[in-house]
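>>> Give me coordinates for this.
(chains A and B)
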Number of protein chains: 2
Amino acid sequence: MDLKEKTIKKEYVYQGLILNVRKDEAETADGQRVPREVVEHPGGVGIAMEDDEGKFFMVTQYRYAQEKVMTEYPAGKREAGEEPLLTAQREIIEETGYEGTDFFYLGQMAPTPAYDSEIIHLFYARQGEFRGQHLDADEDLNVSKMTLDEITAKIVSGEITDAKTIGMTFLVRAYKEGKYD
Amino acid sequence: MDLKEKTIKKEYVYQGLILNVRKDEAETADGQRVPREVVEHPGGVGIAMEDDEGKFFMVTQYRYAQEKVMTEYPAGKREAGEEPLLTAQREIIEETGYEGTDFFYLGQMAPTPAYDSEIIHLFYARQGEFRGQHLDADEDLNVSKMTLDEITAKIVSGEITDAKTIGMTFLVRAYKEGKYD
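Residues are numbered from 1 along each chain as shown, chains lettered A, B, ... in the order given. Down below sits the predicted model:
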């Protein structure tokens, strides 16, 4: 079955700070005209950075849209035209204070493809030199470190619910099991 | 460090078909006033349904916001006030034609907590009786079946990028390994 949908009309209904919203008219493969709402987001990166003791850096911050404090792998938004690896190298220092080394690309993830253009590029890294944390003006977070088993236990218990953190834990395990070779 | 942010002003900038968008003013724990954009979405469910041969039902559909065809576990939006288990029982029949049995709750996932209220409730199920597929009018999809190893290989190769599908594959493995006991 052909599944592709064509854009008939593209219309911005909101242009904001970190996201834009469109309400398009599309045509399905069988010729129906349908409305399609799209959140446009520049996307970003997530970084699973491991220290020499097998612990991963985690950040805990208030997520306003979820109305709660959440623990996740360090992550950040891409600046316009920035290569994902550069975003990852910049963000890991900004959020944890430590440089990453030996970056390995785990792949990309679409957090909510039904209505959002966002793509997150996922990296594994090793902990490098201390450079000093420098957060955005409106960013507050606590840094901690956990083993993969501790992270897995918090996912299963429901304490960690962030999609990129759940997915990256799976990908880091696959990487360590040699599945990327 | 206290991380909580308070809402100072809540303002809708778009009210649409499947999502609303707010641009709020919030106060951070250290007293700064900051803008916070929030996509409101009713959330939904994902279902990893296994047949008697260890294969999982997958759906392949065009994702307009991602501008490509994607393969994912069956999923769907919650209707207002609907219990997640009921959504899961309804959606699995609608998308695959088969009833699910022995539902097990794997947990919840926030796809993109930085700016979106969406929560997806994740279930494992066994394949039950054939009831007949009935898709929404604007929904076209192909159903296939894959083993967990096949799904894992497609995640590692980058062919599957949907966050809930990556996360659920991890959770189904954890369930089968007895980590939920």
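
>>> Can you give me the distance of residue A:56 to chain B?
Applying C-beta to the nearest C-beta, to the nearest Å, the value for residue A:56 to chain B is 15 Å. Yep, even glycine has a C-beta here, placed from its N, CA and C like the rest.

>>> wait, that residue sits on residue A:144?
No - in this structure, residue A:56 is not within contact of residue A:144 by C-beta atoms under 8 Å, at 9.4 Å.

>>> Please report phi then psi for the residue lying farthest from the centre of chain A.
The C-alpha centroid of chain A is most remote from residue A:31, which lies 34.9 Å away (C-alpha atoms, centre = their mean). Residue A:31 adopts backbone torsions of phi 90, psi 0, taken as degrees, to the nearest 10.

>>> what does residue A:46 give?
The phi and psi values for residue A:46, taken as degrees, to the nearest 10, are phi -130, psi 140.

>>> Which pLDDT does the model give it?
Residue A:46 carries a pLDDT value of 98.

>>> who's in contact with it?
Contact analysis of residue A:46 by C-beta atoms under 8 Å, 6 or more residues apart in numbering or on different chains lists A:72-75, A:109, A:120-123, A:164-165, A:168.

>>> which secondary structure element contains residue A:57?
Using DSSP states H and E, residue A:57 sits within strand A:55-63.

>>> What about residue A:134, how many residues nearby?
10 (other C-beta atoms under 10 Å in any protein chain shown).

>>> ok, now which ones touch it?
By C-beta under 8 Å, 6+ apart, the contact list for residue A:134 reads A:93-94.

>>> quick one: it is in a helix?
No - counting by DSSP: H, G, I helix; E, B strand; the rest coil, residue A:134 is located in no helix; its state is coil.

>>> Look up phi and psi at it.
Phi and psi for residue A:134, reported as degrees, to the nearest 10, are phi -150, psi 100.

>>> Local confidence estimate at it?
87.

>>> if you count what's nearby, which of residue A:56 and residue A:144 comes out ahead?
Taking neighbours as other C-beta under 10 Å, residue A:56 and residue A:144 compare with residue A:56 leading, 25 against 12.

>>> Report the beta-bridge partners for that one.
On the basis of DSSP bridges, residue A:56 is bridged to residue A:50, residue A:146.

>>> And chain A, what are its domain boundaries?
Using automatic domain parsing, the domain parsing of chain A gives A:6-40, A:44-176.

>>> coming back round to it: kindly provide the distance from the residue farthest from the centre of chain A to residue B:133.
21 Å (C-beta to C-beta, to the nearest Å).

>>> residues near the closest residue to residue A:2 other than its chain neighbours, how many?
Leaving aside its sequence neighbours, residue A:2 sits nearest to residue A:29 (C-beta to C-beta, 6 or more residues apart in numbering or on different chains; 4.3 Å). Neighbour count for residue A:29, taken as other C-beta under 10 Å: 13.

>>> quick check, residue A:121 in a strand?
Yes - assessed by three-state DSSP, residue A:121 belongs to a strand.

>>> So for it, what's the pLDDT?
Residue A:121 is assigned 98 on the pLDDT scale.

>>> Show me the shaky parts of chain A.
For chain A, applying pLDDT under 70 flags the ranges A:1.

>>> what are the ranges of the helices in it?
In chain A, the segments counted as helices under DSSP state H are A:84-96, A:148-157, A:163-176.

>>> Quick one: those helices as a markdown table, columns for mean neighbour count and distance to chain B too.
Output for these, formatted as a markdown table (neighbours: other C-beta atoms under 10 Å in any protein chain shown; distance: least, C-beta to the nearest C-beta, whole Å):
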| stretch | mean neighbour count | distance to chain B |
| --- | --- | --- |
| helix A:84-96 | 20 | 13 |
| helix A:148-157 | 17 | 5 |
| helix A:163-176 | 23 | 4 |
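
>>> hang on, residue A:130 packs against residue A:100?
No - with contact defined as C-beta under 8 Å, residue A:130 does not count as touching residue A:100 (12.0 Å).

>>> So between these two, which is more surrounded?
Higher neighbour count among residue A:130 and residue A:100: residue A:100, with 26 against 11, using other C-beta under 10 Å.

>>> For beta bridges, what are the partners of that one?
residue A:127.

>>> again, but for residue A:40
In this entry, residue A:40 is beta-bridged to residue A:20, by DSSP bridges.

>>> okay, the domains of chain A, which one's buried deepest?
When the domains of chain A are scored by mean count of other C-beta atoms under 10 Å in any protein chain shown, the highest mean neighbour count falls to domain A:44-176 (a mean of 19).

>>> chain center to that one: distance?
Put simply, domain A:44-176 sits 7 Å off its chain's centre (C-alpha atoms, centre = their mean, to the nearest Å).

>>> end to end, how far does it reach?
24 Å (C-alpha to C-alpha, to the nearest Å).

>>> Next: stretch A:129-148.
The first and last residues of stretch A:129-148 sit 22 Å apart, counting by C-alpha to C-alpha.

>>> ok, now stretch A:15-33?
Stretch A:15-33: ends 24 Å apart by C-alpha to C-alpha.

>>> Run the chain-centre distance for it.
For stretch A:15-33, the distance to the chain centre is 23 Å (C-alpha atoms, centre = their mean).

>>> And stretch A:4-17, by the same measure?
Between the centre of stretch A:4-17 and the centre of its chain there are 23 Å (C-alpha atoms, centre = their mean).

>>> does it come close to chain B?
Yes - judged by C-beta under 8 Å from any C-beta of the partner chain, stretch A:4-17 and chain B are in contact via A:4-5, A:13-14, A:16-17.
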